[in-house]
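# Predicted model, plus sequence, below.
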Amino acid sequence: MGALVAARLVHYTQRALSLPIHSITCWCDSEVALSWVRSAASRWKPFVRNRVEEIQQLVEPASWRHCSGKDNPADWLSRGVTVTKLAEGNVWWHGLTWLARPQQAWPRRKENHERNPLIPPGEERTSKHATCALMTVQTTEEPLHPGRYGNIEKLFRISAYCRRFAKNCRSSVSERHGGNLTTWELHEAEEMWVRRTQEEEFQAEIQALVRHGRVAEHSRISQLDPYL
């Protein structure tokens, strides 16, 4: 699940930044997860296969590299690190020192997983073969889909944090924001979803307003006198 969340975040951030990105590197401390991602998704049982397929669609398998668990700051929270130590942790805020060095100084790739993937108990590769007709259906499901969250407030908060992250990536260190979300950030996130919902549900009405300045009389929102 950690690799899947990372892949979704990378994909969403790329779209939000709208900048040319020539290279991406994702890090994972699980050799088993890396063996899944670097192998054909069809080798695994449905639970793993579905997640591997999505990861491979969002991030190239060659972009994944291994780091040891002791170098992974994401593990700190699961180890019971206090808030004070977390706030003082240089690695948590600035990353590992070797990441600032040339790639030749990074931990070496473990290419053996591609030739002989690790197979954890209960996830043996399937060997069934079948001939079938396939139909390709393109979908545009967003990483931040409203249906994935239990309530709308949670959706707004997560969207606000993602928007802040994208903005911080485009800003200098002195201009970056942290801490709790502001009322304005939550308002912008809510406004973004309202606008997106309107664009999805009232495409014909929006086109009519752009072309003619009014919606058709038979529109379900004509009595509301909408405008742009």
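Yes, it's here.
# Please count neighbours and contacts with C-alpha atoms only from this point.
OK.
# quick one: low-confidence parts of this protein?
Low-confidence segments of the chain, defined by pLDDT under 70: 109-143.
# Do a quick rundown of the helices in it.
If DSSP state H is used as the criterion, the helices of the chain fall at 2-17, 31-37, 46-58, 83-88, 90-94, 112-115, 152-170, 183-201, 203-212.
# which stretch among the ones you listed comes nearest Q223?
helix 203-212 (12.5 Å; Cα to Cα).
# How far does stretch 98-108 sit from its chain's centre?
24 Å (Cα atoms, centre = their mean, to the nearest Å).
# Likewise for stretch 197-211?
On Cα atoms, centre = their mean, the centre of stretch 197-211 falls 28 Å from the chain's centre.
# Quick check: end-to-end length of it?
One end of stretch 197-211 sits 20 Å from the other (Cα to Cα, to the nearest Å).
# mind listing what's buried in it?
By neighbour count on 16 or more other Cα atoms under 10 Å, the buried set for stretch 197-211 is 205-206, 209.
# same question, stretch 167-180
Neighbour counts over stretch 167-180 (16+ other Cα under 10 Å) mark 167-168 as buried.
# Could you do stretch 17-27 as well?
Neighbour-count burial for stretch 17-27 [16+ other Cα under 10 Å]: C26.
# again, but for stretch 146-154
For stretch 146-154, it's none, nothing buried (16+ other Cα under 10 Å).
# From the opening residue of it to its closing one, how far?
Note: stretch 146-154 ends 10 Å apart using Cα to Cα.
# Please enumerate residues in contact with it?
L155 (Cα atoms under 8 Å, 6 or more residues apart in numbering).
# tell me how far it is from the chain's mean position?
Worked out by Cα atoms, centre = their mean, stretch 146-154 lies 16 Å from the chain centre.
# Kindly report the same for stretch 205-225.
Distance, stretch centre to chain centre, for stretch 205-225: 36 Å (Cα atoms, centre = their mean).
# what's the span of that stretch, first residue to last?
11 Å.
# sorry, back to before: Throw the helices of the chain into CSV and include distance to R176, thanks.
Converted to CSV, those look like this (distance: least, Cα to Cα, whole Å):
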stretch, distance to R176
helix 2-17, 15
helix 31-37, 33
helix 46-58, 27
helix 83-88, 17
helix 90-94, 13
helix 112-115, 39
helix 152-170, 5
helix 183-201, 14
helix 203-212, 35
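# okay, these, which one's buried deepest?
Among the helices of the chain, ranked by average contacts under mean count of other Cα atoms under 10 Å, first place goes to helix 31-37 (a mean of 21).
# Counting by contacts, list what that one packs against.
helix 46-58, strand 64-66, helix 112-115 (3 or more Cα pairs under 8 Å, 6 or more residues apart in numbering; DSSP states H and E).
# still on that earlier bit, ok, which of the helices of the chain comes nearest T25?
helix 2-17 (9.7 Å).
# helices and strands around the closest one, which ones?
Against helix 2-17 (3+ Cα pairs under 8 Å, 6+ apart) you get helix 46-58, helix 152-170.
# Tell me what angle it forms with helix 46-58.
For helix 2-17 against helix 46-58, the angle by axes from the mean of the first three to the mean of the last three Cα atoms, to 10 degrees is 30 degrees.
# ok, residues contacting helix 2-17?
Against helix 2-17 from outside (Cα under 8 Å, 6+ apart): 21, 26, 28, 33, 51-52, 54-55, 58-59, 143, 162-163, 166-167, 170.
# I am finished for the moment; much appreciated.
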